[in-house]
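In: have a look at this prediction, sequence included:
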Amino acid sequence: MKLLVTGGAGFIGSNFVHYILKKYPDYQVVNLDLLTYAGNLENLKELENNPNYKFVKGDIADFELVNNLVKDCDIIVHFAAESHVDRSILDSEEFIRTNVIGTHTLLEAAKNNGNKRFHHVSTDEVFGALKMDDPKFNEKTPYDPRSPYSASKASSDHLVRAYFHTYNLPITISNCSNNYGPYMFPEKLFPLFITNLIEDKKVPLYGDGMNVRDWLYVEDHCVAIDAIIHKGRIGETYCVGGDAEKNNKEITYKILELMGKGEDMIEFVKDRPGHDRRYAIDFSKIKNELGWEPSVSFEEGLQKTIEWYKNNEAWWKDIKSGEYAKYYEKQYGK
Ligand code: NAD
Ligand code: DAU
């Protein structure tokens, strides 16, 4: 099988490329990535000499390029996106360009090349925010995105479904909850807090710290996508979650404990505008149809993640001292 993976140099995409080539060594992977601030070829260094892996630097919104790459693949697995909510609040233009126009460009190329199989990697944020006693999100939950990021992802999901209904494009969609694990860019909660603590810096907790997310170890997300691209029903959406609802305060205390730091390292900062209170996923559809469920417990995943950041200081120190430093200053001050 020949896969065109978009955004394979980012957090989840690079974990997916490693996972797929390990599980199916005879598959071929072409990784199309623009290498924005979030894309990093260091994540894929071990694959540089693998004859079944090829990297192409380019933009998913470049139709000519995408059309040529799509010609030669059996399936498109689409991760590429602007993915950070706080950045979308500062400036949303790139979110619309990549997440909406980029996805549309890929869909057009898939349609023009004999209706190629298309898997779209999306998020639970398209469903909006839950109250504490609301039932979890499932595939029938109405869309209610509330940030420029989630609105752009919702828009891309609608386009993907429209191509299925209008052109019979063989699509599937996964809406996944919060991931964590290796190669996660240190602007997101887990890597930011872990690396700050390694550097003996405080951790910025938004608002009252009581917002809830449903955490999934990244490799379990890769297993879910593997199941969907091989066994998923065409035209269907699958909700993927970690069965690990935690509030940010709980997570922060757990990280502090595992890293031997005290609560004096917490700095309560201004809340994120429009901060969604709670996300949680009911993943019974993918469990019943495809036999998928999370396999890594939150405790195990957190330990592994802390270890990874401790053992890969060069990876994140480079990032934290580069272009990212400017964003960090804008967001949190010096
Ligand atoms: P990321 O920001 O770490 O990586 C995104 C990758 O896309 C980067 O390598 C970047 O260079 C590339 N990219 C951006 N714009 C591009 C363009 N125009 N053309 C080509 N490449 C481009 O993101 P992530 O956290 O790995 O998320 C991957 C996907 O999974 C996204 O679609 C996101 O919405 C979705 N998702 C993420 C999470 C999560 O917790 N991180 C959870 C559910 C779903
Ligand atoms: O739910 C899936 C989504 O999860 C993905 O679609 C997004 O791409 C991904 O970035 C993630 O979005 P969140 O906004 O939930 O993740 P983030 O790591 O930015 O924040 C997690 C929680 O922690 C959220 O409630 C905000 C809070 N937070 C975050 C940061 C960066 C803080 O309290 N302080 C921080 O410094």
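Out: Perfect, I can see it now. Ligands and ions are numbered 1, 2, ... in the order given.
In: so whatever residue of the stretch 1-150 of the chain ends up closest to ligand 2 versus ligand 1, what's the distance?
Out: Taking CB to the nearest ligand atom, ligand 2 has its nearest neighbour within the stretch 1-150 of the chain at Thr123, 3.1 Å off. C-beta here means a position set from N, CA and C on the backbone, and glycine is covered the same way. Distance, Thr123 to ligand 1, using CB to the nearest ligand atom, to the nearest Å: 4 Å.
In: where does that residue land on pLDDT?
Out: At Thr123, the pLDDT value in this model is 99.
In: you'd agree it is up against Ala151?
Out: No: checked against CB atoms under 8 Å, the pair Thr123 and Ala151 is beyond contact range at 11.4 Å.
In: count the neighbours of Gln314 for me.
Out: Careful, residue 314 is Ala and not Gln. Ala314: 9 surrounding residues under other CB atoms under 10 Å.
In: which strands and helices sit next to the helix or strand harbouring it?
Out: Counting by DSSP states H and E, the element that carries Ala314 is helix 313-321. Identification of packing neighbours for helix 313-321 by 3 or more CB pairs under 8 Å, 6 or more residues apart in numbering; DSSP states H and E yields helix 189-198.
In: give me the contact list for the helix it packs on.
Out: Contacts with helix 189-198, where a contact means CB atoms under 8 Å, 6 or more residues apart in numbering, come from 180, 184-186, 202-204, 213, 248, 251-252, 255-256, 259, 261, 265, 305-306, 309-310, 313, 316, 320.
In: try stretch 150-160
Out: 81-82, 85, 88, 92, 95-96, 99-100, 103-104, 107, 118, 120, 122-123, 125-126, 128, 143, 145, 171, 173, 175, 237.
In: could you look up the SS state of the residue of the chain positioned farthest from its centre?
Out: Relative to the mean C-alpha coordinate of the chain, counting by CA atoms, centre = their mean, the farthest residue is Asp264 (30.8 Å). Secondary structure assignment for Asp264 (DSSP: H, G, I helix; E, B strand; the rest coil): helix.
In: how far away is it from Ile198?
Out: Using CB to CB, to the nearest Å, Asp264 is found at 16 Å from Ile198.
In: repeat for Cys239
Out: 34 Å.
In: now do Leu130
Out: Between Leu130 and Ile198 the distance is 33 Å, computed by CB to CB.
In: what's the closest non-adjacent residue to Pro169?
Out: One correction, residue 169 is Leu, not Pro. Tyr163 (4.0 Å; CB to CB, 6 or more residues apart in numbering).
In: likewise for Tyr309?
Out: Leaving aside its sequence neighbours, Tyr309 sits nearest to Ile194 (CB to CB, 6+ apart; 4.7 Å).
In: and Ala244, what is it in contact with?
Out: Asp214, Trp215, Leu216, Pro294, Ser297, Phe298.
In: could you identify the most distant pair in these?
Out: Asp214 and Ser297 (13.5 Å; CB to CB).
In: comparing the two, which residue is more hemmed in?
Out: Counting neighbours by other CB under 10 Å for Asp214 and for Ser297 shows that Asp214 has the greater number, 26 against 13.
In: how much space separates the more buried one from ligand 2?
Out: Relative to ligand 2, Asp214 is positioned 8 Å away (CB to the nearest ligand atom).
In: that residue: what's it in contact with?
Out: Under the criterion of CB under 8 Å, 6+ apart, the contact list for Asp214 reads Asp124, Lys136, Ser177, Asn178, Gly241, Gly242, Asp243, Ala244, Glu245, Tyr279, Ala280, Ile281.
In: give me the nearest residue to it, chain neighbours excluded.
Out: The spatial neighbour of Asp214 that comes closest, neighbours along the chain excluded (CB to CB, 6+ apart), is Ser177 at 4.0 Å.
In: in this structure the one you found contacts Glu245, no?
Out: No: look at Ser177 against Glu245 with CB under 8 Å: they stay out of range, at 9.1 Å.
In: looking at those two, which one has more neighbours?
Out: Remark: of Ser177 and Glu245, Ser177 carries more neighbours, 26 against 20, as counted by other CB under 10 Å.
In: neighbours around whichever residue of the stretch 1-150 of the chain sits closest to ligand 1, how many?
Out: Nearest residue of the stretch 1-150 of the chain to ligand 1: Gly10, at 2.0 Å (CB to the nearest ligand atom). By other CB under 10 Å, 25 other residues sit near Gly10.
In: now it: phi and psi?
Out: Taking degrees, to the nearest 10, you get phi -90, psi -170 for the backbone angles of Gly10.
In: and for Val269?
Out: phi -120, psi 170.
In: who's it bridged to?
Out: Counting by DSSP bridges, Val269 is bridged to Tyr206.
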